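Asks: sequence isn't available, so here's the structure alone:
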């Protein structure tokens, strides 16, 4: 590929990700010589005003969120062809989805730090009046630092909801987000998703991380929609056949409750409940001797192959 420079500053190198509306490129900031990531809207979105506006809004929303656990915005701009792009910090590592696909499930000590930092990201986002609406393991990145540690970063606020007049309409009764992780009230109408919908997604990710399975098993499509609307999720004890700490069962039951009114009142309350829950000891899982605090990082290791994928049996 011929060298391509955006805004006379950002030199693109290789495409590292692609979605329906945009692509992510590894790039270099020619002014600072720092490695960055450039999220570039696909040219066809220019003919769809709502989609182009939603892409630009992601940059505006990221400016409002101040958290080390959200991928940092560095710049925004447009190409010579008037295609919008945003510049983000360059992350090294893998998504939570990639880790879970490889490992099967995670020890509670590892899960506790990841969930703690996701919830801290939500405290900041919700405090800025922003609901993510698309939290899933694919949008949680385990960033590897130069020291070999990892810090959790929440990605992709492209379909986020804001509580002001600048919000972009989501269309007539449309569902946004990854179906296995969206809250029941979000099904069929994502405009109804409030901050507690994000907490539902966190609970579902924790459930999957600890058990190696989804709350409703292999249900997909309309079968999953019906189960989410009509049935509470099974408890972690029912899913694994093991007895887990009461505080952990309560955390999952409240975050994944069908009714938003039965979930934690806020991300701050959920974060405090999570830190209390991980004081207990889960079955056959290594536990930290004390709650994970906001500065804890995850060690990724020296890059050697990790153990074979694990699975839980009931």
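Replies: The structure has been received and is ready for your questions. None of these values were measured; they are calculated from a predicted model.

Asks: and the top helix by length along the chain, what does it pack against?
Replies: For the chain, the helix with the greatest residue count under DSSP state H is helix 108-127. Packing partners of helix 108-127 (3 or more CB pairs under 8 Å, 6 or more residues apart in numbering; DSSP states H and E): strand 140-144, strand 149-154, helix 195-211, helix 267-277, strand 298-299. In this view, the C-beta of every residue, glycine as well, is placed from N, C-alpha and C.

Asks: do a quick rundown of the strands in the protein.
Replies: Counting by DSSP state E, one finds strands in the chain at the ranges 4-6, 10-18, 22-29, 35-41, 73-78, 84-89, 93-95, 130-131, 140-144, 149-154, 161-162, 298-299.

Asks: what residues of stretch 62-74 count as buried?
Replies: 62, 65, 67, 69-71, 73-74 (16 or more other CB atoms under 10 Å).

Asks: now render the strands of the chain as JSON lines, adding mean pLDDT.
Replies: Formatted as JSON lines, these follow (pLDDT from 0 to 100):
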{"stretch": "strand 4-6", "mean pLDDT": "93"}
{"stretch": "strand 10-18", "mean pLDDT": "92"}
{"stretch": "strand 22-29", "mean pLDDT": "94"}
{"stretch": "strand 35-41", "mean pLDDT": "93"}
{"stretch": "strand 73-78", "mean pLDDT": "92"}
{"stretch": "strand 84-89", "mean pLDDT": "93"}
{"stretch": "strand 93-95", "mean pLDDT": "95"}
{"stretch": "strand 130-131", "mean pLDDT": "95"}
{"stretch": "strand 140-144", "mean pLDDT": "96"}
{"stretch": "strand 149-154", "mean pLDDT": "94"}
{"stretch": "strand 161-162", "mean pLDDT": "86"}
{"stretch": "strand 298-299", "mean pLDDT": "37"}
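
Asks: which residues touch the closest residue to residue 86 other than its chain neighbours?
Replies: Leaving out its chain neighbours, the residue that sits closest to residue 86 by CB to CB, 6 or more residues apart in numbering is residue 59, at 4.2 Å. Neighbouring residues of residue 59 by CB atoms under 8 Å, 6 or more residues apart in numbering: 73, 76, 84, 86.

Asks: which two in those are spaced the farthest apart?
Replies: Using CB to CB, the contacts of residue 59 span at most 13.2 Å, a distance reached by 73 and 84.

Asks: residues near residue 218, how many?
Replies: 8 (other CB atoms under 10 Å).

Asks: got phi/psi on it?
Replies: Per-residue torsions, residue 218: phi -90, psi 10 (degrees, to the nearest 10).

Asks: wait, residue 104 sits on residue 213?
Replies: No: contact between residue 104 and residue 213 fails when scored by CB atoms under 8 Å: they sit 9.3 Å apart.

Asks: chain center to stretch 132-149, what's the gap?
Replies: 7 Å (CA atoms, centre = their mean, to the nearest Å).

Asks: pull out the buried positions in it.
Replies: Result for stretch 132-149 [16+ other CB under 10 Å]: buried residues 132-137, 139-144.

Asks: near residue 98, how many other residues are there?
Replies: 14.

Asks: please disregard the earlier target; I meant residue 151.
Replies: Counted with other CB under 10 Å, residue 151 comes out at 20.

Asks: shaky segments in the stretch 201-314 of the chain?
Replies: Residue ranges of the stretch 201-314 of the chain with pLDDT under 70: 280-314.

Asks: which residues of it fall in helices?
Replies: 221-230, 236-240, 246-255, 267-277 (DSSP state H, counting those that start in this stretch).

Asks: could you dump the ones you listed into TSV with mean neighbour count and distance to residue 204 added?
Replies: As requested, the helices of the stretch 201-314 of the chain are arranged in TSV below (neighbours: other CB atoms under 10 Å; distance: least, CB to CB, whole Å):
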stretch	mean neighbour count	distance to residue 204
helix 221-230	14	10
helix 236-240	19	12
helix 246-255	19	8
helix 267-277	19	13
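
Asks: identify whichever of these lies nearest to residue 113.
Replies: helix 267-277 (10.7 Å).

Asks: ok, residues contacting the closest one?
Replies: 112, 115-116, 119-120, 122-123, 125-126, 195, 198-199, 202, 245, 247-248, 250-251, 254-255, 263-264, 291-292.

Asks: which ones are touching residue 99?
Replies: 106, 137, 142.

Asks: how far away is residue 10 from residue 19?
Replies: 19 Å (CB to CB, to the nearest Å).

Asks: the two: which is more packed in?
Replies: residue 10 (23 against 11).

Asks: for the more buried one, which non-adjacent residue is spatially closest?
Replies: Residue 10 sits nearest to residue 27 (CB to CB, 6+ apart), 4.9 Å away.

Asks: what's the distance between that neighbour and residue 82?
Replies: Taking CB to CB, one finds residue 27 at 19 Å from residue 82.

Asks: out of those two, which sits in the more crowded spot?
Replies: residue 27 (26 against 9).
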